[in-house]
Structure formats: C-alpha cells, structure tokens
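*Asks:* have a look at this prediction, sequence included:
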Amino acid sequence: MHARNFRHVKNRAYTRKEYARGFPPPKIVKFTMGDTKGVFDLEVKLLSTKRVQVRHSALEAARVATNRILIEKLVNEYLMVVQTYPHIILRENKMIFGAHADRLQQGMRRSFGTPVGTAAKVEVDQPIITVKVKATAVEVAKLALKRGSAKLPIHCKIVVTKLPVAAGNAPETETA
C-alpha cells in the first residue's frame, strides 16, 4: 500500500470512530514543541498549495525533520505547532493475488475494509506547521520548514508574518 492511494480527496470524510474497530492512533507524538511562554517577533508558516489528504506518518516525519533542525540551531528559542490533526480513518479491503488466492478472498462481498491509518484533510493555503521565532532566526525557520515540506506529499509554500507587538497593529506578510 502506498500513500498515493489516499492522497486525493474524493468523498466525505470518514471520522466515525465508534463504528471502526481497531483503527491505529495517530503517530504524531507532540503537536507543540519549543518554548511555549516565549515572546517572538515573526511567525513562519508552511502552507499547502493543493487540497489533499496527508497521512499521519507523513505529518510525523515532517514534524521530526523540522524540529531536528530547529532544536539543533536554536536550542529552545522557538515555538513550533503542528496545526492539522489526522482525524479521517483510512480503510483498505485487502486483496491477495497469486496462485490459489481465490480461496482466501471474497472480492467485493463485505468489502467495508479494515482501518489502516488516519489522515488529515488539508485545504488550499491552510497552515500545516507554524514556527514562531525571533527576527534573527528567520532563515533557520525557513530552512527547517523546507526540510519538513519534503516529507509531505504536496508542494508547500513558506510565508513569513510579522507578529503584532501591540494589540492595534495589523500583521504584515512576506512570501518566501
């Protein structure tokens, strides 16, 4: 089974966990990393360019790749948040091919499928991962999000936003 089987959004989201027995929990260990009480100047976001489903294993791989660079270069001077949650249950009707496989499978009879994983539905320009940093660490955050986007099944763009200092300031955006 490959991730390309579930990448495109075809039907309604299947999220009824009370009907699906034995579905695996999401692989994402932590959704918030870094200094949660720090004051930061800039916010760097990883935005999707297409409407797609992202599997939980891809989100975890992107989180690990991004966090590895941030913790290596900035130690604890950042706040990283994974914005999407994989709540869609993915099912697979296993088919066995080869000699004498017809005795083991039933074809489309009772083909509801067994849960094999979870996925997050991501819309266009929805933030997947957000990193807040000081003004001196913007290039490190861009590099980290670029490495994390390589683990996702879509092309992403990185947007830098200045965080408001006072309550009345409107944020300014810059596309990278």
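*Replies:* Done, it's in. Numbering: from 1, shown residues only.

*Asks:* hang on, residue 64 is in a helix, isn't it?
*Replies:* Yes - counting by DSSP: H, G, I helix; E, B strand; the rest coil, residue 64 is located in a helix.

*Asks:* I figured residue 32 hits residue 83, correct?
*Replies:* No - no contact is recorded between residue 32 and residue 83 when judged using Cβ atoms under 8 Å, the distance being 10.4 Å. Where you see a C-beta, it was placed from the backbone N, CA and C, and this is true even at glycine.

*Asks:* out of the two, which sits in the busier spot?
*Replies:* Between residue 32 and residue 83, residue 83 has the larger neighbour count (other Cβ atoms under 10 Å), namely 16 against 9.

*Asks:* show me the contacts for the closest residue to that one other than its chain neighbours.
*Replies:* Counting by Cβ to Cβ, 6 or more residues apart in numbering, the nearest residue to residue 83 once its immediate chain neighbours are dropped is residue 127, at 4.7 Å. Under the criterion of Cβ atoms under 8 Å, 6 or more residues apart in numbering, the contact list for residue 127 reads 45-47, 83.

*Asks:* ok, which pair from those is furthest apart?
*Replies:* Pairwise distances across the contacts of residue 127 (Cβ to Cβ) peak at 9.9 Å, for the pair 47 and 83.

*Asks:* common neighbours of these two, please.
*Replies:* Common neighbours of residue 47 and residue 83, using Cβ under 8 Å, 6+ apart, are 126-128.

*Asks:* want to try JSON lines for the residues you listed, with distance to residue 119 as columns?
*Replies:* Formatted as JSON lines, the entries for the shared contacts of residue 47 and residue 83 read as follows, by distance: Cβ to Cβ, whole Å:
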{"residue": "126", "distance to residue 119": "14"}
{"residue": "127", "distance to residue 119": "17"}
{"residue": "128", "distance to residue 119": "13"}
